[in-house]
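> Build me a model:
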Amino acid sequence: MTPSIRLAVIDDHPLFREGVVRCLKEVGFEIAGEGGNKDDAVRIADEQPDIMLIDLSMPGGGLNAIAPILGRHPSQKIVVLTVSELTDDVTQALNSGACGYALKGVGYRTLAAILRAVASGERYVSPTLSAKVISDLSARSNGELAQRNPISALNDRERKILTLVASGLSNKRIALKLNVSDKTVKHYMTHIMAKLKVANRTEAAIALLDAGRSERAPSSR
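Modelled structure (predicted):
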């Protein structure tokens, strides 16, 4: 029997929090703790749940809780569950060490699937946000992440997969499109991120977009 995932839920709206807790318990999650502010999140992290589900808009700020938690428990998995679709919130959460970023409009079965994926080592960004984040960050980056055409290190298959990632597709959608398994896509993404020396899918996609922009730029001669 698969062991249950121990989950902490931090949200300052009791009715919403209770609903999340009730639904996730019904589908097999164990609730390790509940809280409503930054201090609660840091305290409950000492119980070492498998995943902490944290809202951004709460007393003390959800974003402000991530660094202290990971400072004390570097391996702690954190998933943000919020209404915020701001690129800055997404990137700050991921750069601070969150493993996932989901929107509150998600259904509880989908949320359960996201949490199980994160528990197994995957990262997650809501599909409605990923393409927007990539586009916004690429527009701002001005070559910050670009190296001397790092994409040239990728083979044709890796570049194809990265192009699909940049278009906003999940690993599962890419696997279906290429008629391969999810594990195969994850294997390719691990190699892609290692070759590009980036930490996550978003940074890898930005590197691809930056490389394309550099190739199109006119010569300065």
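
> for the residue nearest to residue 181 when sequence neighbours are not counted, what are its contacts?
Once flanking residues are discounted, residue 181 sits nearest to residue 175: 5.9 Å by CB to CB, 6 or more residues apart in numbering. Every residue, glycine included, has its C-beta placed from N, CA and C. Residues in contact with residue 175 (CB atoms under 8 Å, 6 or more residues apart in numbering) are 181-182, 184-185.

> how much space between residue 175 and residue 114?
Going from residue 175 to residue 114 by CB to CB, to the nearest Å gives 17 Å.

> now do residue 97
According to CB to CB, residue 97 and residue 114 sit 17 Å apart.

> Quick check, residue 55 in contact with residue 12.
Yes. Shown here, residue 55 and residue 12 form a contact pair, counting by CB atoms under 8 Å, at 6.8 Å.

> More neighbours: which of those two?
residue 55 (25 against 17; other CB atoms under 10 Å).

> pLDDT score for that one?
You'll see residue 55 listed with a pLDDT of 97.

> can you check residue 142 too?
Listed pLDDT for residue 142 reads 45.

> do the same with residue 135
pLDDT, residue 135: 62.

> Give me the secondary structure label for residue 9.
Following DSSP: H, G, I helix; E, B strand; the rest coil, residue 9 is assigned to strand.

> Residue 67 looks like it's in a helix, true?
Yes. The assignment for residue 67 is a helix, going by three-state DSSP.

> got a list of what it touches?
96-97.

> ditto for residue 60
37-39, 41.

> So among these, which ones count as buried?
The neighbour count (16 or more other CB atoms under 10 Å) marks 37-38, 41 as buried among these.

> thought residue 91 was touching residue 133?
Yes. At 6.5 Å, residue 91 and residue 133 qualify as touching, with contact defined as CB under 8 Å.

> which sections of the protein are below the confidence cut-off?
Across the chain, the ranges flagged by pLDDT under 70 are 1-2, 131-132, 134-149, 212-221.

> mind listing which of the buried ones among the contacts of residue 60 are in helices?
38, 41 (DSSP state H).

> and which of the buried ones among the contacts of residue 60 is nearest to residue 157?
Closest approach to residue 157 among the buried ones among the contacts of residue 60 (CB to CB): residue 41, at 41.0 Å.

> Quick check: chain neighbours aside, which residue is closest to that closest one?
Per CB to CB, 6+ apart, closest to residue 41 is residue 65, 4.1 Å.

> where along the protein do the strands fall?
6-10, 30-35, 51-54, 77-82, 100-103, 124-125 (DSSP state E).
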